[in-house]
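Asks: just coords:
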Ligand code: ADP
């Protein structure tokens, strides 16, 4: 606890702060403290308590107290961005913009605290994303440039040109897939599928996702076994749900050896619709399980490149799930296989909705 001289408790009104000022502080998007001339807290916002800055009626954070003292010395407004511990344990921090200003002639001080942690987190995510995407784009672009050079050099050798041209085609497809997935992801971050939600039959969406993946499954002699895909209704966006379900089925195919099976099922409970995809593939090491939903995280980058993966598929699935009020989970055993489960809130089916509207 850091205090200067302590004196009797005073109320804001006693020292000339009108209730109008307090009302104004309450609607500002910041936490606030009003300090008496003895640095005792006269008034504070409710949210300040969760920041762990106060100790009873005094400021318990040394950096904030230092700022208060600096304002007392100078008699002028000052602000500082402080990185303060989130709690007594661990290394988590919060980024706080703290503004301290003298209030009137009675030695009162106002402390306004803006929690910039979310802004800082989003900024650092954006920076990471830009760094990652630049790196991801450089690989196919670099390959295309080397291949173009090889084509030029081998201009008298039709067989070599054919070989390089077909590799150029693969890199061009990779580039276009990557750009498409980045567009998909950024749309997902902007769109709220529940705003113009439709009642959709997840069974129909899953069957169409299976059809889309069937060709690549056949190429690898993988059997897609549909155990049960009944009509189960959810509220949401058809193209987002198609994208999520086909990403999960395509991954099951990509990360499985030839001549294995991929099982697909849709089940409904009272309140949820569950879509599961099970494979007999390479599985995922336990240490990677938490990270596979991050953008560009791959367990085995070489394998992902081989299958034409962009490293964005599962983060797209995670976004779709959370945009729809659902979630995605995974069970996996290395060398044995994986099961991904997408759970979505169940909607009443169309017929029962029209029954109700006809009543
Ligand atoms: P990618 O485009 O690389 O497939 P994803 O975001 O779809 O990217 O998946 C991230 C990583 O998770 C993959 O690179 C892979 O290592 C792992 N993964 C995803 N699905 C499976 C699966 N069914 N079996 C094994 N590993 C998987």
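Replies: Noted; the coordinates are in hand. Values in this document were obtained by computation on a predicted structure and should not be read as measured data.
Asks: Could you point out the bridge partners of residue 329 in the sheet?
Replies: For residue 329, the beta-bridge partners are residue 341 (DSSP bridges).
Asks: confidence score at it?
Replies: Residue 329 carries a pLDDT value of 96.
Asks: so what's it up against?
Replies: Residues near residue 329 by Cβ atoms under 8 Å, 6 or more residues apart in numbering: 340-341, 343. (Glycine included, C-beta is placed from N, CA and C.)
Asks: and which of those residues is nearest to the ligand?
Replies: Closest approach between the contacts of residue 329 and the ligand, by Cβ to the nearest ligand atom: residue 340, at 6.5 Å.
Asks: thinking again about what came up before, what is the nearest of the contacts of residue 329 to residue 181?
Replies: residue 340 (17.7 Å; Cβ to Cβ).
Asks: sorry, back to before: compare the contacts of residue 329 and tell me which is most surrounded.
Replies: Counting neighbours by other Cβ atoms under 10 Å, residue 340 leads these with 23 neighbours.
Asks: In contact with it, which residues are there?
Replies: Contact analysis of residue 340 by Cβ under 8 Å, 6+ apart lists 248, 251-252, 276-277, 317, 328-330.
Asks: Among the residues you listed, name the buried ones.
Replies: 248, 251-252, 276-277, 317, 328, 330 (16 or more other Cβ atoms under 10 Å).
Asks: List, out of those, those positioned next to the ligand.
Replies: Counting by Cβ under 6 Å from any ligand atom, 251-252 from the buried ones among the contacts of residue 340 sit close to the ligand.
Asks: any chance of the buried ones among the contacts of residue 340 in CSV, with distance to residue 114 and secondary structure too?
Replies: Formatted as CSV, these follow (distance: Cβ to Cβ, whole Å; DSSP: H, G, I helix; E, B strand; the rest coil):
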residue, distance to residue 114, secondary structure
248, 40, helix
251, 41, helix
252, 46, helix
276, 44, strand
277, 44, strand
317, 34, helix
328, 34, strand
330, 38, strand
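Asks: From the buried ones among the contacts of residue 340, pick the one nearest the ligand.
Replies: Nearest to the ligand among the buried ones among the contacts of residue 340, counting by Cβ to the nearest ligand atom, is residue 251 at 3.5 Å.
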